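In: next comes the sequence, and after it the predicted model I'd like to discuss.
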Amino acid sequence: MTFRLGLTGSIGMGKSTTAAMFAAAGLPVWDADSAVHRLYATGGSAVAPIHEICPEAAVNGDVSRETLKRAIANNPTLLTKLEAITHPLVAADRAAFLVNTTADIAVLDIPLLFEKSSQHEFHATLLVTAPADLQRDRVLQRPGMTESHFQTILARQMPDAQKRSLATHIVETLDLSATEAYVKALIAHIRARHA
């Protein structure tokens, strides 16, 4: 049986970097954001249904995330329709990944794991976190990111303190080498306890 580790963290906490450390250690990593990119790309199974609810966002066979973001800003009810299309497709992609995984540990990178109450689908969860000022600095360094957009994203995410109370494991990403050491120690811990 594959041990399922749910990896999560708010924007700018270092979740993607931490996920890459698990992959570098040889573990298969499934990424919800990458799944959405596949679903929105040419030939993706979300393109046609998104075209039906937001024709301007699905042009030339794929979905423009920027156009979709603007459409949602102008019509907030569109988000519920979009989630009704996307969430089941993402869940199916994740299930296919797990069926095809033979590794002893699989890492599933899910940004809204706690917000969607998905933690019970995993043997354990790892919260990737950092102090709020460091988080803000990291996010605002991203191309095209504004303070307003950052605050909009944060408003959709559960507060870090609440996530800490729900997580099985927590890593603060203040230092790359310390985070990498934590990842290796956690893998060893899981293997020792669930061999």
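Out: Sure, I can see it.
In: the protein: strands as residue ranges?
Out: Assigned by DSSP state E, the strands in the chain fall at 3-8, 29-31, 58-59, 62-63, 105-109, 124-129, 169-172.
In: strand partners (parallel or antiparallel) of the second one?
Out: Using DSSP bridges, strand 29-31 pairs in its sheet with strand 105-109 (parallel).
In: keeping just the C-alphas, turn the strand it pairs with into PDB.
Out: Extracted as PDB, the C-alpha positions of strand 105-109 are listed here (Å, rounded to 0.1, in the frame of the first residue of the first chain):
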ATOM      1  CA  ILE A 105       5.200   6.900  -0.400                       C
ATOM      2  CA  ALA A 106       3.400   9.300  -2.700                       C
ATOM      3  CA  VAL A 107       3.200  13.100  -2.200                       C
ATOM      4  CA  LEU A 108       0.100  15.000  -3.300                       C
ATOM      5  CA  ASP A 109       0.600  18.700  -3.500                       C
END
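In: let me know the angle separating that strand from strand 3-8.
Out: 20 degrees (axes from the mean of the first three to the mean of the last three CA atoms, to 10 degrees).
In: what does strand 105-109 rub up against?
Out: 2-8, 15-16, 19, 22-23, 27-33, 94, 97-98, 122, 187, 190-191 (CB atoms under 8 Å, 6 or more residues apart in numbering). (Glycine included, C-beta is placed from N, CA and C.)
In: would you mind checking those residues for buried ones?
Out: Neighbour counting by 16 or more other CB atoms under 10 Å classes 3-8, 15-16, 19, 22, 27-32, 94, 97, 122, 187, 190 among the contacts of strand 105-109 as buried.
In: where does this structure have its least confident helix or strand?
Out: Here the helix or strand of the chain ranked lowest by mean pLDDT, DSSP states H and E is helix 147-156, holding a mean of 83.
In: pull out the buried positions in it.
Out: Neighbour counts over helix 147-156 (16+ other CB under 10 Å) mark 149-150, 154 as buried.
In: do the same with stretch 112-119
Out: Buried residues in stretch 112-119 (16+ other CB under 10 Å): 113-114, 118-119.
In: now, among the residues you listed, which is nearest to residue 163?
Out: residue 114 (5.2 Å; CB to CB).
In: helices along the protein, start to end?
Out: Using DSSP state H, the helices of the chain run over residues 15-24, 32-40, 47-53, 65-74, 77-99, 132-140, 147-156, 160-166, 176-194.
In: okay, angle between the longest one and strand 105-109 too, please.
Out: Spelled out, it's helix 77-99. 170 degrees.
In: let me see the mean pLDDT of helix 77-99.
Out: Averaged across helix 77-99, pLDDT comes to 94.
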